[in-house]
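Student: Below is the sequence, then the predicted model.
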Amino acid sequence: MGETIETRPYCTIVSPLNVDDWEYESINGRSYLKYIKVIEAREPGEIQYVVYKIEGNVSTWTRWECNTTKPELPATLLGEGVFPAGMNIPGFIVRGRVDPRTTELGISDIDSVTDAMR
């Protein structure tokens, strides 16, 4: 019998501080995430990050490691993959409260706390 590899979906929280770069594309007035670079680990001398991209109808991911002490060295590819056909970048934005003046930003929960601390 062949070896069975079990794959399961998972969810992880990405802090805005871990998002290094991103790009949106507007289609029929709606914004879609086209590219995002997320830093997964920061160690002395290296950073590991994942890049999620949509090109045409194909959604891919690549995992990289970058030497921060020698920035002239190219990043090392650690892994790559393709998501099922038609799948968007697997992620979503969770906001504390939606700002009615814009569809892209939320209202900071920290802002209301700072008023209480005065």
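Tutor: Happy to help now that I have it.
Student: Could you measure from Val14 over to Asn28?
Tutor: 27 Å (Cβ to Cβ, to the nearest Å). C-beta: built from backbone N, CA, C; applies to glycine.
Student: Poorly predicted segments of the protein, please.
Tutor: 1-10, 93-118 (pLDDT under 70).
Student: Tell me where the protein has strands.
Tutor: Using DSSP state E, the strands assigned to the chain run over residues 19-27, 30-43, 46-55, 58-67, 76-82, 97-98, 106-107.
Student: can you redo the ones you listed as TSV with mean neighbour count?
Tutor: Below are the strands of the chain laid out as TSV (neighbours: other Cβ atoms under 10 Å):
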stretch	mean neighbour count
strand 19-27	12
strand 30-43	14
strand 46-55	16
strand 58-67	16
strand 76-82	11
strand 97-98	10
strand 106-107	14
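Student: how about TSV for these, with distance to Pro90 added?
Tutor: Shown next, in TSV, are the strands of the chain (distance: least, Cβ to Cβ, whole Å):
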stretch	distance to Pro90
strand 19-27	14
strand 30-43	10
strand 46-55	7
strand 58-67	8
strand 76-82	11
strand 97-98	22
strand 106-107	20
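Student: separation between the nearest residue to Glu80 once chain neighbours are set aside and Gly29?
Tutor: Among residues not flanking Glu80 along the chain, Thr62 sits closest, at 4.5 Å (Cβ to Cβ, 6 or more residues apart in numbering). Thr62 sits 30 Å away from Gly29, going by Cβ to Cβ.
Student: picking that back up, so if I had to pick from Val14 and Asn28, which one is more boxed in?
Tutor: Val14 (14 against 5; other Cβ atoms under 10 Å).
Student: Run through the residues that contact the more buried one.
Tutor: Neighbouring residues of Val14 by Cβ atoms under 8 Å, 6 or more residues apart in numbering: 38, 91.
Student: what's it sitting at in phi/psi?
Tutor: The phi and psi values for Val14, taken as degrees, to the nearest 10, are phi -110, psi 120.
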